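Enquirer: predicted model, plus sequence, below.
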Amino acid sequence: MNKKTACRTIRKHSLLFIMKTLTNLHPPFWAGIAGLAVALLGGMPALAQDLDRQTQVWAASCAACHGTGGHAQTGIPPLAGQPREVLLQKLLAYKAGSLPATVMHQHAKGYTDAELARLADFFSKQTR
Ligand code: HEC
């Protein structure tokens, strides 16, 4: 086999190889894309629901003192229905240590600012 034929043969084989690989890849690849689209479209409400469920789980840990849904017993400030911004500012201040507290600075430090915002949002939406 001379050099030219050898080159042609190699080129033919590599082309065949690429084509074979692509056809082999295609069905799972497109199924993956379709699956991703379905997951994105259908998963959005589910994701929002999960986020909300997560906030409820966090809020349950506040219930020990602030009561279910932020309806506190005597001695503990009720959270239900307070303006979101007021709750958030206090939570951030507890976290930063700029608002004196007996226990709240400990609790606030366990959450990111975004998570505190979700908690503030949750309690502001509870009826008084
Ligand atoms: C161990 C009891 C306890 C737990 C649990 C607790 N808190 Fe508190 N919270 C308090 C007390 C007591 C205060 C008053 C400030 C202080 O002394 O720390 C307070 C104050 C607050 C305030 C300010 C309310 C106001 O009107 O001034 C907010 C907001 C708050 N807590 C949110 C939360 C959130 C959100 C959680 C759950 C992540 C939580 N707390 C968990 C006891 C608790």
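Expert: Everything's here; your move. Since this is a predicted model, take the numbers as computed values, not measurements. Residues are numbered from 1 along each chain as shown.

Enquirer: from here on, just use CA atoms for contacts and neighbour counts.
Expert: OK.

Enquirer: so how many other residues sit close to Thr55?
Expert: By the measure other C-alpha atoms under 10 Å, the count of residues near Thr55 is 19.

Enquirer: helix or strand: which one has it?
Expert: helix 3-66 (DSSP states H and E).

Enquirer: which element follows that helix toward the C-terminus?
Expert: Downstream of helix 3-66, the first helix or strand assigned by DSSP H and E is helix 84-96.

Enquirer: so does that following helix get close to the ligand?
Expert: Yes: using C-alpha under 6 Å from any ligand atom, we find that helix 84-96 touches the ligand at Leu87, Lys90, Leu91.

Enquirer: so what's the last one closest to, chain neighbours aside?
Expert: On the basis of C-alpha to C-alpha, 6 or more residues apart in numbering, the spatially nearest residue to Leu91 that is not a chain neighbour turns out to be Ala108, at 5.9 Å.
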